[in-house]
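K.L.:
Curious how this folds, go ahead:
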Amino acid sequence: MTHSIKHKLGALALLSLTLLPALAAADSTVVIARVAIGTGGSFAADGAHNITCVVGQFVAEPGGDGEYGCGGGFMGGGGPADPDPGCCRVRGDFNHDGSDPDISDLVELVAYMFTSGVAPECMEEADINGDGSEPDISDLVMLVSFMFTGGEAPLDCGQQAPLVKAAAISEESALKFTYDGEKTTIRLDSEVAIRGLQFDLLGDGALQVEKLIDDHVDMVAGFDEREVRIGILDLDGGELIASGEQVLLMLDGRYDVTSAMAVDAAGRAVYLSAVEEEALPDEYDLGDNYPNPFNPSTTIAFSLPKSSEVRLDVFNMLGQRVATIVNARLEAGKHEVTWGGKSDRGGTAASGVYFYRLTTTQFSDTKKMILLK
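P.N.:
Sure, this is the predicted structure:
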């Protein structure tokens with residue numbers, strides 16, 4: 001097969017539809033969304049009554065839940081799939097046209113999973129890996145691998161997936177997210193390379209997404225109001241997401257990860273834990289000690305934007321070093337230490353004015369504190 005899924009999806013990815021006023025007035029629960037597929041760039045939710053669908057399928061009458069829109073999947077509104085257990089002819093034939101899986105099935109599977117694409121007529125055909133669940137990233141990875149890289153063929157209709165070993169992705173692997181007061185950064189930390197990743201977010205505002213991971217993998221995304229679903233994989237099937245910590249994307253505003261699933265190189269899926277981390281400081285900073293004045297102890301806070309060799313010393317009014325509280329290499333982040341009013345020799349410091357100084361190779365600052373007894 002000579003064509004590229006990226007090229008095919010690129011031609012279909014942003015077909016924007018504008019609702020007629022009569023249609024918008026007919027139902028107050030119009031699905032409003034926009035989606036982008038590709039190897040980079042950004043996408044955003046914009047004006048009211050704009051709908052964008054990956055395959056440009058617009059439902060001009062209410063779907064199964066009474067909404068107008070592009071259909072089912074992540075957004076909802078496409079109506080239930082055919083419950084007939086005998087409907088399956090070929091797994092992967094998402095559009096139920098009776099042919100072997102092709103580009104049209106792949107495009108419609110992506111639309112259903114990540115935007116408001118039409119639900120499959122036969123859910124068993126959409127269950128490509130035969131695990132009995134709704135289509136997810138493991139089904140998408142298997143279909144891409146089968147179509148473009150000679151990967152394992154989908155199971156025959158009626159067969160169930162055999163029990164397999166657990167995915168190679170360890171429990172220590174996680175999807176990490178950090179909010180710095182303006183933006184949310186999403187990072188993947190995995191001990192092994194993975195073939196695909198799918199995760200859901202819940203946010204607080206208009207969606208502005210910047211893809212940061214390398215261009216050798218693609219990002220597929222869809223959203224509805226505060227909910228966002230994102231998939232990351234190579235839609236040509238040949239590339240993996242490297243092991244280690246990878247910065248995936250950044251979003252304006254605060255977003256929390258509500259679920260995450262990854263697929264390893266062998267096609268085995270596992271749910272990932274979602275870990276919220278505190279944003280790293282942008283610069284070095286030495287805070288005011290508290291309480292101040294103090295007796296018998298006080299707390300000193302400081303921030304490091306990167307791992308640094310750190311000294312925190314206490315001096316008396318004569319400039320003599322009384323105590324060294326910290327003399328070590330510390331990781332980036334916010335730190336707090338306590339001084340109990342003792343000298344390095346173990347004696348109790350006298351009442352009076354003292355100075356504490358934070359020193360690194362790139363920063364130094366001194367502040368005053370008062371010990372009262």
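K.L.:
contacting residues around the most centrally placed residue in the chain?
P.N.:
The C-alpha lying nearest the average C-alpha coordinate of the chain belongs to I186 (C-alpha atoms, centre = their mean; 4.5 Å). Contacts for I186 (C-beta atoms under 8 Å, 6 or more residues apart in numbering) come out as L175, K176, F177, F199, L201, V247, L248, L249, M250, L251, Y255, V257. Every C-beta, even on glycine, is put in place using the N, C-alpha and C of the backbone.
K.L.:
Can you report how many residues lie near the residue nearest to the last one when sequence neighbours are not counted?
P.N.:
On the basis of C-beta to C-beta, 6 or more residues apart in numbering, the spatially nearest residue to V257 that is not a chain neighbour turns out to be A274, at 3.8 Å. Neighbour count for A274, taken as other C-beta atoms under 10 Å: 18.
K.L.:
Please report the distance of T324 from V353.
P.N.:
19 Å (C-beta to C-beta, to the nearest Å).
K.L.:
in the strand or helix carrying Q198, what's buried?
P.N.:
Here Q198, judged by DSSP states H and E, is contained in strand 194-203. The neighbour-count check on strand 194-203 (16 or more other C-beta atoms under 10 Å) flags I194, R195, G196, L197, Q198, F199, D200, L201, G203 as buried.
K.L.:
and what of stretch 156-163?
P.N.:
Buried residues in stretch 156-163 (16+ other C-beta under 10 Å): C157.
K.L.:
pLDDT averaged over that stretch - what is it?
P.N.:
Over the span of stretch 156-163, the pLDDT mean works out to 79.
K.L.:
At which residues are the helices of the stretch 51-200 of the chain located?
P.N.:
Secondary structure of the stretch 51-200 of the chain, counting by DSSP state H, counting those that start in this stretch: helices at 103-114, 123-126, 137-148.
K.L.:
low pLDDT regions in the stretch 51-200 of the chain?
P.N.:
51-85, 162-171 (pLDDT under 70).
K.L.:
For it, which segments count as strands?
P.N.:
With DSSP state E, counting those that start in this stretch as the criterion, the stretch 51-200 of the chain has strands at 174-179, 183-190, 194-203.
K.L.:
Show me what counts as buried in the first one.
P.N.:
For strand 174-179, the neighbour count (16+ other C-beta under 10 Å) marks A174, L175, K176, F177, T178, Y179 as buried.
K.L.:
The fourth one reaches L188, doesn't it?
P.N.:
Which is F177. No - F177 is beyond contact range of L188, at 10.5 Å (criterion: C-beta atoms under 8 Å).
K.L.:
And for N289, the neighbour number?
P.N.:
By other C-beta under 10 Å, neighbour count at N289 equals 22.
K.L.:
same question, D236
P.N.:
The burial count for D236: 17, using other C-beta under 10 Å.
K.L.:
measure it to V263 for me?
P.N.:
Taking C-beta to C-beta, one finds D236 at 16 Å from V263.
K.L.:
related to what we said a few turns ago, for the strands of the stretch 51-200 of the chain, give me a markdown table that also has distance to L318.
P.N.:
Formatted as a markdown table, the strands of the stretch 51-200 of the chain follow (distance: least, C-beta to C-beta, whole Å):
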| stretch | distance to L318 |
| --- | --- |
| strand 174-179 | 44 |
| strand 183-190 | 47 |
| strand 194-203 | 56 |
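K.L.:
which one of the ones you listed lies closest to E108?
P.N.:
When these are compared by C-beta to C-beta, strand 194-203 sits nearest E108, at 17.0 Å.
K.L.:
For that closest one, which helices and strands make contact with it?
P.N.:
helix 137-148, strand 183-190, strand 227-233, strand 244-252, strand 255-264 (3 or more C-beta pairs under 8 Å, 6 or more residues apart in numbering; DSSP states H and E).
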